[in-house]
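Asks: when you get a sec, could you give me coordinates for this:
(chains A and B)
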Amino acid sequence: MAEQSSELGANNHTEYRFENINNLIEVRGLKMHFPITQGLFSRIVGYTKAVDDVSFDIREGETLGLVGESGCGKTTVGRCIVRAYEPTAGEILYRESGDLTDDLKKLRIHVHHFKADDKVSTGHAIDLARLSGKDLLPYRREIRMIFQDPYSSLNPRMTVFENVTEALKNSRWVSRSEMENIAGELLKRVGLRPEYMVRYPHAFSGGERQRVVIARALVTNPRLIVADESVSALDVSVRAQILNLMEELQADYKLTYLFISHDLSVIRHICNRVIVMYVGKIVEIAEGLDIYTEPRHPYTEALMSAVPISNPRHRKRSERIHLQGEVADPSNPPTGCYFHPRCQYAKDICMQQTPELQDLGNGHFAACHFAKELELRGAVMG
Amino acid sequence: MTTPLLEVTDLKIHFFTDEGVVKAVDGVDLTIERGKTLCLVGESGCGKSVTSRAFMQIIRKPGKLVDGSMLYRFKKDDGTDEIIDLAKLDPKGKPIRQIRGQEIAMIFQEPMTSLSLMHTVGQQITELIRLHTGATKHEARNRAIEMLQRVGIPKPDRLIDEYPFRLSGGMRQRAMIAMALSCNPTMLIADEPTTALDVTTQAQILDLMLELQNDYGMALLFITHDLGVVAEIADDVAVMYLGKIVERSDADTIFNNPKHPYTQALLRSIPKIAMQRDELEPIKGMVPSPFRRPVNICQFQPRCNQRFEACSRVEPVSTLINENHSVRCLLYEDVAAVHQADTEAVAHG
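Replies: Numbering: from 1, shown residues only, chains lettered A, B, ... in the order given. The predicted structure is shown next:
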């Protein structure tokens, strides 16, 4: 089946070309609008623009952070990429793997029954947004998701073994003993004892369950993992364990992460690049530490100033930026720049024109009319 | 040192479940002073919420306060102090009802579940005001509007007639705070009040709470697992682990000169913006099951990176390093005392 769909993909999608060959995913003009219905016949009275014209790249092997406050659409972006949602508009270009490491090739051939020359060459792109049903299946194996709450994302009526190997069953027939081997290896890799696979999820603590969830994501040998608030529900001491584990696994399995979180310090720790979202739009993209040291969008500045500093000597309550009012309603956003009603630098143009994401050099982009002029404060790094 | 508002000694709260007794709080000593902020920090399941619930005698079944005293300095109308032991009060009796809401108020983590869905914000606040002050409906309503305005809710005279589900998370938490403060409490217990909120909203709420504390001079007991929040607001910090307070000092000492291995490990395990990527050092192992906690030895010992031979035999007691800093760890107990305990343990064993 993998064979079929890669053929199909190659035929259907020759028109797509990647802007950069190092990208694994290129998202172009992604929109996800949810209808608001009313009355007996569910008349559509409006749309919640959860994601509104978002474009970004995910480079192979990187950890891309997606930050923003609740309701900004970051989870919706993640869900569109794993195709849990069908986007309203836009492209999600996915580069098929051509050059795998020998290990991964072996795993693909033996475990997933791919043929040795199964994959089209590097650079062929598939638009995930246009595929549906069976055509998506091979990509569902390659793009996996980890959720926030390990208590609700594991099936309590299935043992850990069944939870972990369920995705394997959908792809092909695998003997029980082989599945046990695979699950055992993975559990060992994520730091759990393979004997525990006969137990049910309730017997595990939060951190252990999150390890099981990670093992479950890895079982299909994915290339991209969308981690949606994957450490937010964990205790601090366990959170560090899981973050370190995710970094190790990334090196071992050549994984790419889209790491969605509201926690700027966690993002700082694990991500190579950061995207900041506000009310369904990207307001800033920056490499490495740039977003913390030199934010170029007033919203990012406010976000940075709100992060608590873990040292009482650096208290900065007095200089903190107080955002006025509430986050805009995505079904009825303000005119112009969505942030202008709360922005302390807002001018007339901000009320009339929606700012485009502009290139500021060094991979830094910001959607603000005054991105080049404003002198904004970064987070306290001391 | 000023006279404490609340002095807790050897508080023990045990949960009698079918599977066995869970010692959720096992000998906690605390003092809370007027106008000061005490942060109670710890991971989930360490007993910090149960401790705070004990002060209002609202421990859920099958939990039971089995031992300890909670001496509360109650200011009477004529200006004299009366010391009440909250632990001795009947949870259903009249005296504790007067203290709840009026003397000691509480804010909970998730405002959606702690506000009633069936009543408007106004109804809920006025009920409390009328109960405690005997104000008329009209007076109580005015007072409620005044409080809502005080906590920064726009158009309070309109919002007072809204139901909680119509408000955003931040606004709901503000309404909760307005309700808690409406009777001018002497002590406010805030149980993870900002955990469910976004960072920018969290910053607003924290600033608001400190501002109100300044204005009304109340004592604040702040319960959280977020060390960043602690660093922002605490005067004093108490770190809890498995039902015991392992370290207690002022905020600056806890963050810059922590003594207990658990506090040190906790501080190293939180990702910080100012930190290099490779510095994150998790605490090994995990919090043991409540039924399998180590007994009569150091409870942190299995996860500790500084443990030595005596740790698996002797239970450390709280040791004062200086008048303002206590640690429950054998590393800081007098070597002689350790030896004595050692010999005793050998003799008993």
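Asks: residue closest to the middle of chain A?
Replies: Central residue of chain A (CA atoms, centre = their mean): A:Leu258, 3.3 Å from the mean position.
Asks: contacts only, for the residue nearest to that one when sequence neighbours are not counted.
Replies: Leaving aside its sequence neighbours, A:Leu258 sits nearest to A:Val226 (CB to CB, 6 or more residues apart in numbering or on different chains; 4.7 Å). (Glycine included, C-beta is placed from N, CA and C.) For A:Val226, the contacting residues are A:Gly78, A:Ile81, A:Val82, A:Ile143, A:Arg144, A:Met145, A:Ile146, A:Tyr257, A:Leu258, A:Ile260, by CB atoms under 8 Å, 6 or more residues apart in numbering or on different chains.
Asks: gap between A:Thr220 and chain B?
Replies: Remark: distance between A:Thr220 and chain B (CB to the nearest CB, to the nearest Å) = 27 Å.
Asks: I'd assumed A:Tyr139 was in contact with that residue.
Replies: No - using CB atoms under 8 Å, A:Thr220 is not in contact with A:Tyr139; the gap is 10.6 Å.
Asks: what ranges does the stretch 1-150 of chain A have for its strands?
Replies: Secondary structure of the stretch 1-150 of chain A (DSSP state E, counting those that start in this stretch): strands located at A:23-38, A:43-59, A:63-67, A:89-95, A:125-127, A:143-146.
Asks: how does chain A divide into domains?
Replies: A:2-271, A:297-366 (automatic domain parsing).
Asks: just give me the lowest mean pLDDT stretch among those domains.
Replies: Of all the domains of chain A, the minimum mean pLDDT falls on domain A:2-271 (a mean of 83).
Asks: contacting residues for the nearest residue to A:Thr37 once chain neighbours are set aside?
Replies: Residue nearest to A:Thr37 in three dimensions, not counting chain neighbours: A:Ile44, with 5.7 Å by CB to CB, 6+ apart. Counting by CB under 8 Å, 6+ apart, A:Ile44 touches A:Pro35, A:Ile36, A:Thr37.
Asks: residues near the second one, how many?
Replies: Under the neighbour criterion other CB atoms under 10 Å in any protein chain shown, A:Ile36 is assigned a count of 13.
Asks: mind listing the helices for the stretch 101-250 of chain B?
Replies: Under the criterion DSSP state H, counting those that start in this stretch, helices of the stretch 101-250 of chain B are mapped to B:111-114, B:121-133, B:137-150, B:156-159, B:169-181, B:199-216, B:227-233.
Asks: same check on chain A?
Replies: Counting by DSSP state H, chain A has helices at residues A:2-12, A:74-81, A:102-112, A:137-142, A:160-171, A:176-189, A:206-218, A:236-253, A:264-270, A:290-293, A:298-306, A:348-352.
Asks: I'd like the ones you listed as CSV, with distance to A:Asn22 and mean neighbour count appended.
Replies: Below are those laid out as CSV (distance: least, CB to CB, whole Å; neighbours: other CB atoms under 10 Å in any protein chain shown):
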stretch, distance to A:Asn22, mean neighbour count
helix A:2-12, 20, 15
helix A:74-81, 18, 24
helix A:102-112, 18, 14
helix A:137-142, 17, 19
helix A:160-171, 28, 19
helix A:176-189, 27, 16
helix A:206-218, 23, 24
helix A:236-253, 16, 20
helix A:264-270, 20, 23
helix A:290-293, 19, 21
helix A:298-306, 25, 25
helix A:348-352, 35, 14
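Asks: in a markdown table, list the ones you listed along with distance to B:Lys48.
Replies: Shown next, in a markdown table, are the helices of chain A (distance: least, CB to CB, whole Å):
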| stretch | distance to B:Lys48 |
| --- | --- |
| helix A:2-12 | 51 |
| helix A:74-81 | 30 |
| helix A:102-112 | 45 |
| helix A:137-142 | 42 |
| helix A:160-171 | 30 |
| helix A:176-189 | 32 |
| helix A:206-218 | 17 |
| helix A:236-253 | 13 |
| helix A:264-270 | 22 |
| helix A:290-293 | 31 |
| helix A:298-306 | 24 |
| helix A:348-352 | 45 |
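Asks: right, and these - which one's nearest B:Leu197?
Replies: Closest approach to B:Leu197 among these (CB to CB): helix A:298-306, 10.5 Å.
Asks: packing partners for the closest one?
Replies: strand A:273-278, strand A:281-287, helix B:199-216 (3 or more CB pairs under 8 Å, 6 or more residues apart in numbering or on different chains; DSSP states H and E).
Asks: quick revisit: and the helices of the stretch 101-250 of chain B, which is most packed in?
Replies: helix B:169-181 (a mean of 25; mean count of other CB atoms under 10 Å in any protein chain shown).
Asks: keeping just the C-alphas, turn it into PDB.
Replies: Provided in PDB are the C-alpha atoms of helix B:169-181 (Å, rounded to 0.1, in the frame of the first residue of the first chain):
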ATOM      1  CA  GLY B 169     -10.500  32.500  32.600                       C
ATOM      2  CA  GLY B 170      -8.800  35.600  33.800                       C
ATOM      3  CA  MET B 171     -12.000  37.500  34.500                       C
ATOM      4  CA  ARG B 172     -13.400  34.500  36.400                       C
ATOM      5  CA  GLN B 173     -10.300  34.300  38.600                       C
ATOM      6  CA  ARG B 174     -10.700  38.100  39.200                       C
ATOM      7  CA  ALA B 175     -14.300  37.400  40.300                       C
ATOM      8  CA  MET B 176     -13.000  34.700  42.600                       C
ATOM      9  CA  ILE B 177     -10.600  37.100  44.200                       C
ATOM     10  CA  ALA B 178     -13.200  39.800  44.600                       C
ATOM     11  CA  MET B 179     -15.400  37.200  46.300                       C
ATOM     12  CA  ALA B 180     -12.600  36.100  48.600                       C
ATOM     13  CA  LEU B 181     -11.700  39.600  49.600                       C
END
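Asks: mind giving me the packing neighbours of that helix?
Replies: Right, helix B:169-181 is packed against strand B:104-107, helix B:111-114, helix B:121-133, helix B:137-150, helix B:199-216 by 3+ CB pairs under 8 Å, 6+ apart.
Asks: minimum distance to A:Ser152: which of the ones you listed has it?
Replies: Smallest distance to A:Ser152 across these (CB to CB): 17.0 Å, for helix B:111-114.
Asks: hmm, that closest one touching chain A?
Replies: No - using CB under 8 Å from any CB of the partner chain, helix B:111-114 never reaches chain A; the gap is at least 13.2 Å.
Asks: mind giving me the packing neighbours of that helix?
Replies: helix B:169-181.
Asks: compute the inter-axis angle for the helix it packs on and helix B:121-133.
Replies: Interaxial angle of helix B:169-181 relative to helix B:121-133 (axes from the mean of the first three to the mean of the last three CA atoms, to 10 degrees): 20 degrees.
Asks: what does helix B:169-181 rub up against?
Replies: The contact list for helix B:169-181 (CB under 8 Å, 6+ apart) reads A:70, A:326, B:105-108, B:111-112, B:114-115, B:121, B:124-125, B:128, B:144, B:147-148, B:150-153, B:159, B:164, B:167, B:188, B:193-194, B:196-198, B:201, B:204-205, B:208-209, B:212, B:216, B:218.
Asks: next one: stretch B:63-70
Replies: B:6-16, B:24, B:27-28, B:50, B:54-55, B:57, B:59, B:85-88.
Asks: near chain A too, which of those residues?
Replies: Counting by CB under 8 Å from any CB, no member of the contacts of stretch B:63-70 reaches chain A.
Asks: for the residue in the stretch 251-382 of chain A positioned nearest to chain B, grab the count of nearby residues.
Replies: Residue nearest to chain B within the stretch 251-382 of chain A: A:Pro308 (3.2 Å; CB to the nearest CB). By the criterion of other CB under 10 Å, A:Pro308 has 24 neighbours.
Asks: which residue is the nearest non-sequential neighbour of it?
Replies: Nearest one to A:Pro308, counting by CB to CB, 6+ apart, is B:Gly228 at 3.2 Å.
Asks: contact partners for the one you found?
Replies: A:Ser265, A:Val307, A:Pro308, A:Ile309, A:Ser310, B:Ile270, B:Lys272.
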